[in-house]
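> Coordinates for the following, if possible.
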Amino acid sequence: MSMPTASLLLLAIILQSSPQVTQPLQHLNLPESHLPYFFSSHHALARTCERDDECLYKEYLGKKVCWGYEKNCKKKNRFHNPTCAIANTGWGSRTVEETADLFWKEADFGYVWERLQEMTVMCKAQEEGDSSLSCVKHSRYCRATNIYMDFINLDSENNNNRYRENLFNAGQIGGHCKLYPTRLSAEGKHKSALQSWYAELELFSSLPFQPIDDGKCDIVLDKPTYLMKLDAGVNMYHHFCDFINLYASQHINGSFSQDVNIIMWDTSGLGYGDFFSATWKAFSDYPVIHLKEYDGMKVCIRDAVFPLLPRMQYGMYYNMPLVPGCSGTALFKAFSEHVLHRLNVTQEGPLKDKVRVTLLSRSTKWRRILNEEELLSAMKSETRLEVRRVDYNWKKMSFTEQLKVTQNSDLLIGMHGAGLTHSLFLPDWGVLFELYNCEDPRCYKDLARLRGVQYYTWEKEEKITQREKGSHPSVGEHSKFVNYGFDVAEFMKIVQNAADYIQGHPQFVAKQNNTHGSGDRHTEL
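Predicted coordinates for the structure are as follows:
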């Protein structure tokens, strides 16, 4: 269903009149399947729309649905529930249901629910125009209003440390509010660049003036603003820890508006290479702002969010301990759909009688497939496989184009490497075949489990036919610095198993029938 312009304007007016919602709806821009969940968690907006005879969104109202973190959200009404095959007594769960609940809390919207329960006021507003600060445990996520920051010590051009911990002195960050210093000082145990905001907020002060109303700012940012400390922008696995945590933070914040600022909190004057910069369009209508733009200035932000970070202890997904035997989180599924929708990447399949296979070819020095042509030829000889080879090199293919290929692949095959993070954007029936995991068995298997797609990898070492060894200057010899050749028959056995799984997947069959008609084809489910 397309959203008429008139209805967008209508709901923009409704949102602006609703005290519960701060984002104007012209910036909502959510997948249609997410709209009932948005309305169910924004009650004032839903009631206003319900009373308005001209509201065109009534079909999304009154649904007994929830993301999972809302008050009184029943499990049966969640956006999606993970599946677990076994109980894991070693993780403290006695039943399969307890195992699923544990998985949900550590890797799904249960993680958001726990952060919401932790939210604590650190500095309390007491009158109109005052500031405020609230944080979760270990200062992993904080939100502030009317915050004051004096960047007189930034001096970014003469610093190469991206995350300096001594940026502020007392009185240089804070607001006009009642400070609870004991509460704030108790949340510094995870003080570290990409694990916590404590280093930046440790000296948050109760100031004797209202920063904005008393004219103490060189610049005032009126738009809601996310301040982000980023992991490596040249590595998809690491950079998407930034994006998934930003998305989870939007759920904590209760807003998905793109009419926001994003500031890259980098205290150096260094450049930042970002091979995946197109993804920012899913979160903001504006270019990312580098902190150095405010060098020497007193900056005030009306509504600031310090979001979840990419390398938190027990965080998503870099340091995440993942209970075995479970897969399919609502959070990662929703994230995938959210990004694809906002980047206008659509599903164009599946094909009528084919499984779409994409082989990732590497132009790097190591982890190349020595007999790649032979494997391609074997797959192309199978009539049910539609095969293509791609090199996800940012110089050769834009990231948006890469996502279009991935979303329209049923089976994604590649060597261990950051490109396999594309498994986040496979269709629900998709399969990731990590051709060889290079002695890192959990990394992309766990990522596939989080997204809820099937995973295969090479099991038989004796069927690796070639090894072209190398070494790393600091690491020395390691299986990640080797090129490999693979037994064709064993390779095709795994590919055929993957194709069987795809063609038997209920969502693949339903989508195929909806697109092409059921015909005479019979699939046992």
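> Which residue ranges of the stretch 101-250 of the chain form helices?
The residue ranges that make up the helices of the stretch 101-250 of the chain, judged by DSSP state H, counting those that start in this stretch, are 109-118, 181-185, 198-201, 236-253.
> could these go into TSV alongside distance to Ile86?
(Glycine included, C-beta is placed from N, CA and C.) Output for these, formatted as TSV (distance: least, CB to CB, whole Å):
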stretch	distance to Ile86
helix 109-118	19
helix 181-185	41
helix 198-201	38
helix 236-253	26
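> how about these in CSV, adding mean pLDDT, distance to Asn146 and mean neighbour count?
Converted to CSV, those look like this (pLDDT from 0 to 100; distance: least, CB to CB, whole Å; neighbours: other CB atoms under 10 Å):
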stretch, mean pLDDT, distance to Asn146, mean neighbour count
helix 109-118, 97, 22, 19
helix 181-185, 98, 17, 13
helix 198-201, 98, 15, 22
helix 236-253, 98, 16, 23
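> quick one: low-confidence ranges for this protein?
Counting by pLDDT under 70, the chain shows low-confidence ranges at 1-27, 518-525.
> how about 90 then?
Flagging of the chain using pLDDT under 90 yields the residue ranges 1-28, 42-50, 52-58, 85-94, 318-321, 363-365, 439, 466-478, 514-525.
> Can you dump the C-alpha atoms of stretch 334-351 in CSV for me?
Listed next in CSV are the C-alpha coordinates belonging to stretch 334-351 (Å, rounded to 0.1, in the frame of the first residue of the first chain):
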residue,chain,number,x,y,z
ALA,A,334,13.1,-5.3,12.1
PHE,A,335,16.5,-3.6,11.6
SER,A,336,17.0,-5.3,8.3
GLU,A,337,13.6,-4.3,7.0
HIS,A,338,14.0,-0.8,8.3
VAL,A,339,17.3,-0.1,6.5
LEU,A,340,16.2,-1.8,3.3
HIS,A,341,12.9,0.2,3.3
ARG,A,342,14.6,3.6,3.9
LEU,A,343,17.3,2.9,1.2
ASN,A,344,14.5,1.8,-1.2
VAL,A,345,15.9,-1.7,-1.7
THR,A,346,13.1,-4.1,-2.7
GLN,A,347,12.6,-7.8,-3.0
GLU,A,348,12.2,-8.7,-6.7
GLY,A,349,11.7,-12.4,-6.4
PRO,A,350,11.8,-15.2,-5.8
LEU,A,351,12.1,-16.6,-9.3
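> Just give me how far that stretch sits from the chain centre.
With CA atoms, centre = their mean, to the nearest Å as the basis, stretch 334-351 stands 14 Å off its chain's centre.
> just stretch 449-468 next, same as before
Averaging C-alpha positions (CA atoms, centre = their mean) puts stretch 449-468 25 Å from its chain's average.
> same deal with stretch 194-204?
Distance of stretch 194-204 from the chain centroid (CA atoms, centre = their mean) equals 22 Å.
> Give me the most central residue, the chain.
Central residue of the chain (CA atoms, centre = their mean): Ile244, 1.6 Å from the mean position.
> is it true that that one touches Thr329?
No. At 10.3 Å, Ile244 does not count as touching Thr329 under the criterion of CB atoms under 8 Å.
> Next, find the distance separating Ser132 from Tyr180.
Noted for Ser132: a distance of 11 Å to Tyr180, by CB to CB, to the nearest Å.
> now do Asp231
Taking CB to CB as the measure, Asp231 falls 31 Å from Tyr180.
> Comparing the two, which shows the higher neighbour count?
Shown here are Asp231 and Tyr180; by other CB atoms under 10 Å, Asp231 has more neighbours (19 against 16).
> give me every residue that touches the more buried one.
Remark: with contacts taken as CB atoms under 8 Å, 6 or more residues apart in numbering, Asp231 is in contact with 194, 238-239, 241-242, 310-311, 318.
> mind running it again at 10 Å?
193-194, 237-242, 245, 309-311, 318 (CB atoms under 10 Å, 6 or more residues apart in numbering).
> joint contacts of Ser132 and Tyr180?
121-124.
> List buried residues within the residues you listed.
Buried by 16 or more other CB atoms under 10 Å: 122-123, out of these.
> Tell me which two of the shared contacts of Ser132 and Tyr180 sit farthest apart.
Met122 and Lys124 (8.3 Å; CB to CB).
> List the residues that are in contact with both of the two.
By CB under 10 Å, 6+ apart, Met122 and Lys124 have these common neighbours: 132-134, 177-180.
> Any chance of TSV for those residues, columns distance to Ser156?
TSV is the format used below for these (distance: CB to CB, whole Å):
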residue	distance to Ser156
Ser132	28
Leu133	25
Ser134	29
Cys177	28
Lys178	33
Leu179	28
Tyr180	32
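> between the residues you listed, which is nearest Leu291?
Leu133 (19.2 Å).
> residue contacts, that closest one?
Per CB under 10 Å, 6+ apart, neighbours of Leu133: 120-125, 142-147, 173-175, 177, 179-180, 183-184, 201, 204, 206, 304, 306.
> My guess is Val112 contacts Thr329. True?
No. Using CB atoms under 10 Å, Val112 makes no contact with Thr329, being 11.0 Å away.
> which residues do those two both contact?
68, 316.
> check contacts around the closest residue in space to Arg362 that isn't next to it in sequence.
Leaving aside its chain neighbours, Arg362 sits nearest to Arg368 (5.1 Å; criterion: CB to CB, 6 or more residues apart in numbering). With contact taken as CB under 10 Å, 6+ apart, Arg368 is in contact with 361-362, 415, 468, 482-485.
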